[in-house]
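> got a structure for you, letters missing:
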């Protein structure tokens with residue numbers, strides 16, 4: 001089968017067992033699950049690339065109780081996970097949906113590993129973000145996809161959405177946490193020199209035949225593995241295709257109309273339609289309503305999550321869930337114009353803000369949050385603080401030591417890229433703290449006093465103002481080789497000083513379509529709409545807008561893709577041939 005499929009290859013009223021709309025991690029997984037059940041599957045993607053925001057991400061998949069967990073944490077169990085989610089989420093989401101997620105997680109992982117090329121491993125240390133809560137763990141729930149050789153895809157390699165360019169090195173080489181450790185130690189350890197030489201030579205050879213490296217890691221590895229599986233399972237995949245209508249028959253949604261390159265088709269579906277388009281984030285009306293004041297250039301997500309399909313299913317009775325702490329998940333981002341004129345929204349996940357020699361201040365020159373907390377809580381704290389005094393943008397500040405050891409945003413450790421970042425204004429440098437304050441427009445006396453107070457706390461290893469580095473997760477975000485008493489606290493006192501501006505970036509929708517434990521979309525009466533399913537960020541978050549651990553969007557996305565595809569495939573096998 002040709003991939004991607006041109007629209008001319010399809011006849012009007014052609015019949016599929018299942019149509020999946022949206023080819024991010026959840027949608028591609030749903031298509032794999034459906035095809036593995038014997039269903040004839042059509043996967044429709046609106047953009048020219050596959051992978052959605054999952055391709056940009058670390059690919060971490062938070063699912064407790066899998067067969068991989070005992071290898072790193074034999075003492076964990078689903079009761080502990082349920083206790084943890086009850087403490088973290090409580091009544092912010094439907095407990096029965098959380099129960100379905102936990103009860104089916106192990107089966108979902110085992111099934112996709114059995115029927116596809118997707119393979120996971122559990123890292124020995126990957127703490128739950130809210131590690132202070134009962135039932136939390138340091139490892140075992142966060143799974144990561146194994147690296148993947150993109151050369152196995154042949155010409156399909158170009159379909160995989162590339163990672164955010166600023167997260168790569170050497171013009172397109174992906175690196176993960178293991179690579180970074182070796183690359184920073186290449187001139188100190190023989191093993192690191194050998195490791196670094198090997199991956200760099202591989203990348204240089206890749207660039208002879210490819211526009212970027214083919215050694216795929218993290219989210220790109222997940223997507224590459226799923227794409228190879230879709231090919232082998234004979235799933236029909238269409239890109240650059242806009243869905244224009246969903247049709248209903250006596251048993252529910254039974255047709256999908258779409259357009260590609262000016263041509264239109266309508267296909268029939270026996271089992272139904274799974275929505276996996278990524279959420280509402282780039283829907284102009286919904287964004288203005290739900291994220292007032294949050295500029296769309298702050299969003300580091302992929303371009304496909306326009307919410308257009310939500311408009312199409314609303315007349316069918318679909319509606320958004322009403323519970324949740326936040327409509328979106330958040331991360332602090334710094335902004336920079338690229339050479340092509342686009343804006344890079346660079347997420348500050350863990351590599352700088354929680355490390356020693358770093359602190360964050362608002363427009364008054366004062367700290368206002370715990371810099372080592374999760375990126376979601378960091379983004380929320382920025383918005384809360386901004387209601388009192390301007391904290392958007394906030395200013396992430398470091399000194400010469402911090403820049404050398406950890407980098408700052410797009411500036412790499414050792415200062416790689418600093419000259420251009422200073423030239424275009426992405427980074428501001430001050431020869432003293434008052435000089436930095438003047439250039440940033442901050443009150444110098446306040447900034448100096450803030451840094452002095454922070455330094456006094458850093459020397460003791462305690463932060464009475466914001467309790468920075470007080471939990472297992474927060475300390476894991478620090479520097480494990482730090483010689484001081486707290487791996488997240490180190491003085492900011494070595495001139496020159498540097499700063500980047502931070503904004504709260506929405507990294508994914510938490511508010512989505514109300515659905516049941518089979519991922520069936522519900523109407524206003526709480527009844528399933530026949531033949532209509534949602535997963536990923538199109539489905540209302542079972543985490544209730546809380547971010548309790550790494551991969552809490554991708555994990556539920558996988559599990560409810562499994563449940564939706566299995567239900568739809570069974571429906572297709574018992575349905576009469578569409579008229």
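Noted; the coordinates are in hand. Every value quoted in this text rests on a predicted model; they were computed, and no experiment measured them.
> retrieve the pLDDT associated with residue 238.
pLDDT recorded at residue 238 is 98.
> cool, and residue 385?
On pLDDT, residue 385 comes in at 98.
> how close does it get to residue 364?
According to CB to CB, to the nearest Å, residue 385 stands 10 Å off from residue 364. C-betas here are computed from N, CA, C, even on glycine.
> more neighbours, these two?
Just comparing residue 385 and residue 364: by other CB atoms under 10 Å the higher neighbour count belongs to residue 385, 20 against 17.
> looks to me like the more buried one is in a helix.
Yes: checked against DSSP: H, G, I helix; E, B strand; the rest coil, residue 385 lies within a helix.
> for it, which non-adjacent residue is spatially closest?
Excluding its sequence neighbours, the residue lying closest to residue 385 (CB to CB, 6 or more residues apart in numbering) is residue 391, at 3.8 Å.
> ok, which stretches of the stretch 201-350 of the chain are helices?
218-232, 284-290, 308-313 (DSSP state H, counting those that start in this stretch).
> buried deepest among these, which one?
Sort the helices of the stretch 201-350 of the chain by mean neighbour count, taking mean count of other CB atoms under 10 Å, and helix 218-232 sits at the top with a mean of 25.
> where does the protein dip in pLDDT?
Within the chain, the ranges that satisfy pLDDT under 70 run 577-579.
> domains in it, by residue range?
Domain assignment for the chain by automatic domain parsing gives 1-164+217-327+510-579, 173-211, 329-506.
> which strands and helices sit next to the lengthiest strand in the chain?
Ranked by residue count under DSSP state E, the longest strand found in the chain is strand 497-509. Helices and strands touching strand 497-509, by 3 or more CB pairs under 8 Å, 6 or more residues apart in numbering; DSSP states H and E, are strand 328-337, strand 343-347, helix 375-386, strand 394-399, helix 400-406, strand 428-430, helix 433-440.
> any idea which of the ones you listed gets closest to residue 416?
When the helices and strands packed on strand 497-509 are compared by CB to CB, helix 400-406 sits nearest residue 416, at 10.2 Å.
> list the buried residues in that closest one.
The neighbour-count check on helix 400-406 (16 or more other CB atoms under 10 Å) flags 400, 402-403, 405-406 as buried.
> nearest to residue 48, of those residues?
For these, the nearest to residue 48 is residue 406 (35.6 Å; CB to CB).
> what's stretch 64-76 in contact with?
Stretch 64-76 has contacts (CB atoms under 8 Å, 6 or more residues apart in numbering) with 77-78, 80-81, 102, 105-106, 109-110, 120-124, 137-141, 143.
> ok, of those, which come out buried?
Taking 16+ other CB under 10 Å as the criterion, what is buried in those is 80-81, 102, 105-106, 109, 120, 122-123, 137-141, 143.
> next step: the residues you listed restricted to helices.
Members of these lying in helices (criterion: DSSP state H): 80-81, 102, 105-106, 109.
> between these, which sits nearest residue 538?
So of these, ranked by how close each gets to residue 538 (CB to CB), first place is residue 105, at 19.3 Å.
> for the closest residue to that closest one other than its chain neighbours, give its distance to residue 104.
Nearest residue to residue 105, sequence neighbours excluded (CB to CB, 6+ apart): residue 63, at 3.9 Å. Look at residue 63 and residue 104: by CB to CB, they are 9 Å apart.
> list residues touching both of those two?
Shared contacts of residue 63 and residue 104 (CB under 8 Å, 6+ apart): residue 559.
> ok, the two, which is more surrounded?
Neighbour count, other CB under 10 Å: between residue 63 and residue 104, residue 63 has more, with 26 against 20.
> how many neighbouring residues does residue 526 have?
Neighbours around residue 526, by other CB under 10 Å: 8.
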